[in-house]
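Colleague: okay, predicted coordinates and the sequence, questions at the end:
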Amino acid sequence: MGETELRNADIDTALAETKEAYVARNAKSLARYVEATAVMPGGNTRTVLFYAPFPIAIARGEGCRLWDMDGAEYVDFLGEYTAGIYGHSHPVIRAAVIRALDGGINLGAHNLLEARFARAVCDRFGLERVRFTNSGTEANLMAISLARVFTRRPKVMVMEGGYHGAVFTFSGGGSPINAPFEFVLAPYNDIEATVALIDRHAADLAAVILEPMMGGGGCIQAEPAYLHALRAATTRIGALLILDEVMTSRLAPGGLQSVHGVKPDLTTFGKYIGGGMSFGAFGGRADIIDMFDPRRADALPHAGTFNNNVLTMSAGLAGLTEVYTPAAAQTLNARGDALRERLNALCRAAGAPMQFTGRGSMMAVHMMRGPIRSAADAAKGDAKLKELFFFDMVAQGIWLAKRGMMTLSLPIGDAECDKLAGAVEEFLASRRSLLAAAG
Ligand SMILES: Cc1ncc(COP(=O)(O)O)c(C=O)c1O
C-alpha cells in the first residue's frame, strides 16, 4: 500500500470505530429513525439534517443546551443554522409568543403587530419597504421574481457553491429541483471573471444574488472589493444587486452589508429575525417593492396565509427590539471572533491542516491549510477528517452541523466556549497522527 492508501485506511478505521460507538450510544434515536422511514422518505423532511448511519433525535432544549432521546447532553453550537440566536427558552420570546397566543392566532386580517415589526426591520437594516414571507427560500423566490419583472429581463446570476434555499442550491453544479430560472453561475470572489460574465449577459441579466459571506457554503467571506465591484457592475448594466442576508444579517447591527458599505437594491432575510418562528422577508428600494402596492392598478400579487402570522410578528418584534439589540449584536459577534481566533490558535499550535473560517458568531471547520475564498477552495478540504471531527464533537457533547458549521446563540457563555475549545484540543491530540498524515 502507498502512503495515501495507508492514511485513508487509517481514517476509515477510525471512522468505523467512531460510528460503532455512536450506534451503541443512540439506541432510542435509531428506533425512532427506523419508525420514521415508514412514513417519511429516509425518515426525513429536511435534507440538511440527515447523515448516516442515522441522525440523532433531540428530545428537548433549554438555554444553549440540548438533550437527545438517549439522555446525552450537548452544548448547542449549531443554533439552528443561525435561526436559534435566542436559545431555546428566552423569557422575552416566550412571553411574546404567549401574548400572541392569548390574542388569537389566525385573525384573517391585518393585525396590530405587522407594521411595528416592519418598522423595526426597516430601521435596523436601512430598508425603505419590506414584505414578509414564511421562509428564506420564499423571500429569495419573491425577490428574484420581482427583479425579473422590474427589469423585464430573464437571467439571474448566482455564485458557484451558493445556497439561497431549497430551490436555489448551487453547490456541485446545481440541483434538479432548482427553480426554473435561467441562472448564470459566477465564481465567488473572482472580480475579473464575474464582471466579464455580467458584461456578457448585460442585456438579459435581471439580478445578481449572493451572500456577503457564504454561510452554508462554509462561512467564506466575500472580499469587500468584490462586493463593491458587483455593486458598480450591476448599476452600470441596470441589473439589481440582491444581497441574501438570511444568515449574515446577524453579523453586525445593520447586517454585513453595513460593515462593507455596500447598498444593495434588495436584501433578503430569514432565520433568527422571526424570533425562532418561521420567517422570511425581502426589502429595499421603495420604487421596486412598491410594485406590490395593492392600491396600484398594475400591482403584483403576493398573498401568503402566514405572511403576517402573529406568532412570528410578536416573537420577531420582541427579539429584535428588546433582545438582539445593536449592542447585543456587537457583543455576540465579538465573542464569536474571539472564539474562532482561539480555535485557530489551537490548530496552528498543533500544526494541523485544519482551520475555522467565518466571521463573528458564525464559523465552519475546514480540514485544510491555506486561504479559502471560494467553494472550489473549500472542496479541497479532507471530507473524511471532517466527518470524523463531527462524530468526535458529538461524542464530546458538542452539537454542530454535519458539514462543520457552528454558530453562537446568546445564552452561550465563557464556560460553553471553554468546553468547545477543550473538545477541539482533544480532537487535535487524539487524532494527531491522522492529521499529520493529511498534510
Ligand atoms: C443564505 C440562505 N438563504 C436562504 C436560506 C433559506 O431559508 P429557509 O431555510 O428559511 O427557506 C438559507 C437557509 O439555510 C440560507 O442559508
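Modeller: Okay, I see it. The model shown is predicted, which means the values in this text are computed figures rather than measured ones.
Colleague: residue contacts, the residue in the stretch 1-150 of the chain that the ligand sits nearest to?
Modeller: Across the stretch 1-150 of the chain, the shortest distance to the ligand (Cβ to the nearest ligand atom) belongs to Gly136, at 2.4 Å. To be clear about C-beta, it is placed using only N, CA and C from the backbone, and glycine gets the same treatment. Contacts for Gly136 (Cβ atoms under 8 Å, 6 or more residues apart in numbering) come out as His164, Gly165, Asp244, Val246, Thr268, Phe269, Gly270, Lys271, Gly280.
Colleague: burial count for the second one?
Modeller: By that I understand Gly165. Using other Cβ atoms under 10 Å, Gly165 has 20 neighbouring residues.
Colleague: next, the contact list for it, please.
Modeller: Applying Cβ under 8 Å, 6+ apart, we find Gly165 in contact with Ser135, Gly136, Thr137, Glu138, Asn140, Leu141.
Colleague: what residues does the stretch 151-300 of the chain put near the ligand?
Modeller: Taking Cβ under 6 Å from any ligand atom, the part of the stretch 151-300 of the chain that reaches the ligand is made up of Tyr163, His164, Gly165, Glu211, Gly215, Gly216, Asp244, Val246, Met247, Gly270, Gly280.
Colleague: verify the contact between the last one and Arg131 for me.
Modeller: No: with contacts counted by Cβ atoms under 8 Å, Gly280 stays clear of Arg131, the gap being 9.4 Å.
Colleague: the more surrounded of those two?
Modeller: A count of neighbours by other Cβ under 10 Å puts Gly280 above the other of Gly280 and Arg131, at 28 against 19.
Colleague: before we move on, back to that, chain neighbours aside, what residue packs nearest to the residue of the stretch 1-150 of the chain closest to the ligand?
Modeller: Spatially, and ignoring its direct neighbours in sequence, Gly136 is nearest to Gly270 (2.9 Å; Cβ to Cβ, 6 or more residues apart in numbering).
Colleague: next: Glu3.
Modeller: Counting by Cβ to Cβ, 6+ apart, the residue nearest Glu3 is Ala437, at 7.6 Å.
Colleague: which parts of the host helix or strand of the one you found are buried?
Modeller: Assessed by DSSP states H and E, Ala437 sits inside helix 432-438. For helix 432-438, the neighbour count (16 or more other Cβ atoms under 10 Å) marks Leu434, Leu435, Ala437, Ala438 as buried.
Colleague: can you pull the residues of the stretch 1-150 of the chain lying near the ligand?
Modeller: Tyr81, Ser135, Gly136, Thr137, Asn140.
Colleague: which two among those residues are spaced furthest apart?
Modeller: Maximum pairwise distance in those, criterion Cβ to Cβ, is 15.5 Å, between Tyr81 and Asn140.
Colleague: neighbour count for those two, which is higher?
Modeller: Neighbour count, other Cβ under 10 Å: between Tyr81 and Asn140, Asn140 has more, with 28 against 18.
Colleague: now the helix or strand hosting the more buried one, how far from the chain's geometric center?
Modeller: Secondary structure from DSSP H and E places Asn140 in helix 136-151. Computed by Cα atoms, centre = their mean, to the nearest Å, the chain-centroid distance of helix 136-151 equals 19 Å.
Colleague: same question for stretch 406-417.
Modeller: Between the mean C-alpha location of stretch 406-417 and the chain-wide mean there is a distance of 17 Å, by Cα atoms, centre = their mean.
Colleague: pLDDT on it, on average?
Modeller: On average, the pLDDT along stretch 406-417 is 98.
Colleague: what are the contacting residues of that stretch?
Modeller: With Cβ under 8 Å, 6+ apart, stretch 406-417 has contacts from 63-64, 75-79, 81-82, 84-87, 90, 323-324, 328, 332, 335-336, 338-339, 342, 361-365, 400, 420.
Colleague: end-to-end on that stretch?
Modeller: In stretch 406-417, first residue to last residue: 12 Å (Cα to Cα, to the nearest Å).
Colleague: SS state for Leu241?
Modeller: Of the three states, Leu241 takes strand under DSSP: H, G, I helix; E, B strand; the rest coil.
Colleague: surely it and Val208 touch.
Modeller: Yes: between Leu241 and Val208 there is a contact under Cβ under 8 Å: 5.6 Å.
Colleague: of the two, who's got more company?
Modeller: Neighbour tally, Leu241 and Val208, criterion other Cβ under 10 Å: the higher count belongs to Val208, 29 against 25.
Colleague: name the element the nearest residue to the more buried one once chain neighbours are set aside belongs to?
Modeller: Nearest non-adjacent residue to Val208, counting by Cβ to Cβ, 6+ apart: Met157, 4.2 Å away. Element membership for Met157, per DSSP H and E: strand 155-159.
Colleague: starting at the chain centroid, how far to that strand?
Modeller: Centroid separation between strand 155-159 and its chain, computed with Cα atoms, centre = their mean, is 19 Å.
Colleague: how about stretch 305-313?
Modeller: For stretch 305-313 - counting by Cα atoms, centre = their mean - the centre lies 22 Å from the chain centre.
Colleague: buried stuff in it?
Modeller: By neighbour count with 16+ other Cβ under 10 Å, stretch 305-313 contains the buried residues Phe306, Asn307, Asn308, Asn309, Val310, Leu311, Thr312, Met313.
Colleague: quick one: the helices in the stretch 301-439 of the chain?
Modeller: Along the stretch 301-439 of the chain, counting by DSSP state H, counting those that start in this stretch, helices occupy 310-318, 326-350, 375-378, 383-395, 414-430, 432-438.
Colleague: let's have those helices in a markdown table, adding distance to the ligand.
Modeller: What follows is these, written out as a markdown table (distance: least, Cβ to the nearest ligand atom, whole Å):
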| stretch | distance to the ligand |
| --- | --- |
| helix 310-318 | 12 |
| helix 326-350 | 17 |
| helix 375-378 | 13 |
| helix 383-395 | 18 |
| helix 414-430 | 22 |
| helix 432-438 | 29 |
